[in-house]
Structure formats: C-alpha cells, structure tokens
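[1] let's see this in three dimensions:
(one chain, ligands or ions: 1)
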Amino acid sequence: MNVTVEPSGPLRGEIGVPADKSISHRLAILGAMSDEPVRITNYLLAQDTLSTLEAVAAVGALVERDGDAVTIRGTGLRNAHEPDGPIDVGNAGTLMRLLPGWLAGQVGRSFTLDGDESIRRRPVDRIAAPLELMGASIEATDGRLPPVTVNGSPLHGIEYELPVASAQVKSCICLAALLADGETTIIEPEPSRDHTERLLAACGARIERSGNVLTVFNADEIELPAEVEVPGDPSSAAFMVAAGMLVPGSRLLLGACGVNWTRTGFMRIAERMGGVVVADLEEPAFEDEIPTDEPVSEVDVTSGPLVATTVEPGEVPLAIDELPLVALLGCFAEGETVVRGAEELRLKESDRIASVVEGLTALGGRAEATADGFVIEGTGGLRGGRIDARGDHRLAMLGAIAGLASAEGVEIVGAEAIDVSYPGFLDDLAALR
Ligand code: S3P
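    All right, here's what the predicted structure looks like:
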C-alpha cells in the first residue's frame, strides 16, 4: 500500500499515545507463565503484540479479549504445552527473543519458532549462546537464524556478561533464570530498558540489582498483580514529538505516555536539539531497589529552531528505536548530527543504518552511513519524494513525519508496515492537522 503525506500547516491538539509494545509483549508472556489469571488493560492491539497472544495460546495459555483488555490464564512456570506446529512470531523480534527464555526450561518438550522474511534475517545466536550455557539445547539455521527449535532441558544459573546492551537478550535470560537452579547474574555493558525487571519485581520474583549487575533467582511460581494497565509507548509518541518539533507553529499535548528513564533517551536528545518537550521524566539512573511500576506523564511539545547534536554510544540503548527520528531531526537542524555506537541498528526490522540513510537521501537529505551509525548534514529542510518502508514500521512512520515537514510531500511505499506497532497512526496524524 502506497500512502502520500502532504506538507502540513501547524499541528495542534491533544492526542492519546498507543499502548507500549515492549510492555504488552512482556505482560502476555509473564501472564502465560503465571499461576493466577491476569487482566491486562490497554493492551496494544497491533500486529506484533497480537502475534504474542497467539504464541502464548499455542503453548497452553487461555487468552480472552474484551476490547483492549486481555485476560490471560497461564500454565504456570513449568507447564507450557508442546504446540501442534511451529509458533509464528510474525514480524516480532521481541517475541522471538523473549519466549525461548521461558521455553528453554520446559523439560522434555520442543518448540519451533519461525516468522516472516525480516525475522528470518535477524540473528538468534545472541540468545542461543547464554541459554546453551544454562543447559538448554537450541537448533537454528546455520546456528544463528530462525527458524529456531528450543528443546526444553533442566537449566542451571550462570554469570553472563552481555556482549552488547540488549534488553531483549537480558529479558530472555531473566525468564530462563526463573526456571534455572540457583541464581543467574547478568552484567549489562550499558543500561537498557528495564521493563522485565520491574514486572518480575511486581510478580514477587526474587530479583536484585546493583548498578548494571542483575541477579535473578530460581522461582517455584510467579504471580502478576490481578490487573495491570499498559502505559503509552514512548517510541510511538516519539513520532508525534518529532512532528510537533518539525512543523513550524505546532503545539501538541500527548497524554499518558510511559516515561521510564530507560525509554526516554529520545526526549532528552530532542530537547538538546532545541525542541521544547515538557514531561515529568524519571531520574536517569538505576536505583538499587527495582521499581514495580512504570511512570507516566503528559508530554507537551512545541516546535522551534533546531541545532545538531552528537549521540554517544552510552545513550544509544536508551533511544535505540528512535535513532531514525534523530536522523530526521538532523536534516532540519543547523550543523552536523552524528550518531555513534549504534551498530545494533543493522539488526532491526530493516538494516536501519542503510534504510534511514538511503531513505532520507531519496527525500533530498544529506546523510552518510558509518560503520556504527550515521552523519546527517542539516540543510534546514527536506524536499520530499518517495521512501520505501522496506517492511519496517518505523521507517514507514518516519516517511510520514518527513512528509508533513517537507516542501513537496512524501509517498511511502509499503505503508501497511505501520500496523506492526501503531495501527491508528495515519488517522492520529490527520486529526492533528
Ligand atoms: C526491545 C528492545 C530493543 C528494541 C526493540 C524492543 C524490547 O531491542 O530495539 O524494538 O522490547 O526489549 P534490543 O534490546 O535487542 O536492542
């Protein structure tokens, strides 16, 4: 599906933020692992997180939907059922990397996970390596690509230093650690999103943090609170923040957005670039006591003149999914915007270094790829043109925001990818015009 987004006058108004994708995935999986039912309100009804509901149903959970409320009756920690056939994760990388953590400890049962074309290009060796050290048996194509088969085995605790900061890998090990004998220690090179840790603490699991060192203990069972509400997704909100910053004269108020500090790196970068983004942000540091809640805030955005910035490696995991938007802002800013230490972008739904640089160049931007990021020369604006989403939801939405702020509008090829995380996106944009 091709969609053209024409240049826009000031964007104004108040808008809700769609439910958080990361937290929805985690709640569905933890709900399936729980002994007691959980009612998840404001669950994200998008392709990725619907794949997760189907996946947990395939391994024995009962899933009941009532609007955007989802009730999950789990199987308990050690009783996942062997499914009839392969589990289809669709486009969902988070599902592909988190679910095997739980399944690895289902002794005597086998599970095959497969997905779409993009998933089949994204490596799973980063989860297979620690799971195998814990005693699991994992088979993957060429040892590193989906489809992947997890043969459930008895697990034992390990100490594991993550080679890259990845919340998906960290979360996978945390889930396996609940089923492993003894304790598991995970050392992160840099902080990454900590939703799994917060939810496990809320489940009553024994989990401890000291700076970047996390310890998870064996558990007999976990139990989520009976009802949990998913906050708004700061990664989805970031597109509206960028729109509000780029279209002159705009003023937007975004409601109930998650502002966990491990997710608000983009808001801090945007402010540094000259955007006025007012929100009640968390202190950017891990506390020794793991919080059991997710903070939310309104986000008030005003447009303004932008200046270039440099994003350093330590900031990358806190803004990983929003770095394409930093590149877009960079096209409109004065000076050279640089992102370093972001080679992980090559392993997302598309190679986001190549797709962002080629996409923005096609729209008249001056962008150059580097081995671990990109350099954008600000020219004060974008001409517009045509961008291929390459099956990547975030690239499709970036094209739409570029269109609003461009001179000639932007045609997005493959705009249906948006449904992966934010099905109402184009309607929401239209409502603000
Ligand atoms: C996610 C973690 C990030 C992010 C992805 C969602 C998660 O990936 O890019 O969209 O929910 O844990 P990595 O942790 O692998 O960088």
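[2] apart from its chain neighbours, what residue comes closest to residue 115?
    Once flanking residues are discounted, residue 115 sits nearest to residue 89: 4.2 Å by Cβ to Cβ, 6 or more residues apart in numbering. Glycine gets a C-beta too; all of them are placed from N, C-alpha and C.
[3] check the burial of the one you found by counting its neighbours.
    Residues within reach of residue 89, counting by other Cβ atoms under 10 Å, total 26.
[4] would you agree residue 414 is in contact with residue 389?
    Yes: assessed by Cβ atoms under 8 Å, residue 414 is found in contact with residue 389 at 3.9 Å.
[5] neighbour count for the two, which is higher?
    residue 389 (27 against 19).
[6] these two touch, right, that one and residue 402?
    No: under the criterion of Cβ under 8 Å, residue 389 is not in contact with residue 402, lying 11.9 Å apart.
[7] could you pull out the helices for the stretch 101-250 of the chain?
    Applying DSSP state H, counting those that start in this stretch to the stretch 101-250 of the chain gives helices spanning 125-133, 167-179, 195-202, 234-246.
[8] only C-alpha atoms, please: export the first one in PDB.
    Output for helix 125-133, consisting of C-alpha atoms alone and laid out as PDB, is shown next (Å, rounded to 0.1, in the frame of the first residue of the first chain):
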ATOM      1  CA  ASP A 125      22.600 -16.700  18.300                       C
ATOM      2  CA  ARG A 126      22.700 -13.900  20.900                       C
ATOM      3  CA  ILE A 127      20.000 -15.700  22.900                       C
ATOM      4  CA  ALA A 128      21.100 -19.200  22.000                       C
ATOM      5  CA  ALA A 129      24.600 -18.700  23.500                       C
ATOM      6  CA  PRO A 130      23.500 -17.800  27.100                       C
ATOM      7  CA  LEU A 131      20.600 -20.300  27.000                       C
ATOM      8  CA  GLU A 132      23.000 -23.100  26.000                       C
ATOM      9  CA  LEU A 133      25.400 -22.100  28.800                       C
END
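[9] just to revisit the earlier point, any common contacting residues for residue 414 and residue 389?
    residue 396 (Cβ atoms under 8 Å, 6 or more residues apart in numbering).
[10] residues contacting the closest residue to residue 155 other than its chain neighbours?
    Distances taken as Cβ to Cβ, 6+ apart place residue 180 nearest to residue 155, at 3.8 Å, with adjacent residues excluded. By Cβ under 8 Å, 6+ apart, the contact set of residue 180 is 105, 134-135, 155-158, 218.
[11] leaving out sequence neighbours, find the closest residue to whatever residue of the stretch 1-150 of the chain ends up closest to the ligand.
    Minimum separation of the stretch 1-150 of the chain from the ligand (Cβ to the nearest ligand atom) falls at residue 22, amounting to 3.3 Å. Closest residue to residue 22 apart from its sequence neighbours, by Cβ to Cβ, 6+ apart: residue 195 at 5.5 Å.
[12] does that neighbour really touch residue 234, like I thought?
    No: using Cβ under 8 Å, residue 195 makes no contact with residue 234, being 11.4 Å away.
[13] how near is residue 423 to the ligand?
    17 Å (Cβ to the nearest ligand atom, to the nearest Å).
[14] return the helix or strand in this protein with minimum mean pLDDT.
    Between all helices and strands in the chain, the lowest mean by mean pLDDT, DSSP states H and E belongs to strand 276-279, at a mean of 88.
[15] what does the stretch 51-200 of the chain have sitting close to the ligand?
    Within the stretch 51-200 of the chain, the positions lying close to the ligand (Cβ under 6 Å from any ligand atom) are 94, 166-168, 171, 192-193.
[16] swap the cut-off to 5 Å and go again
    94, 166-168 (Cβ under 5 Å from any ligand atom).
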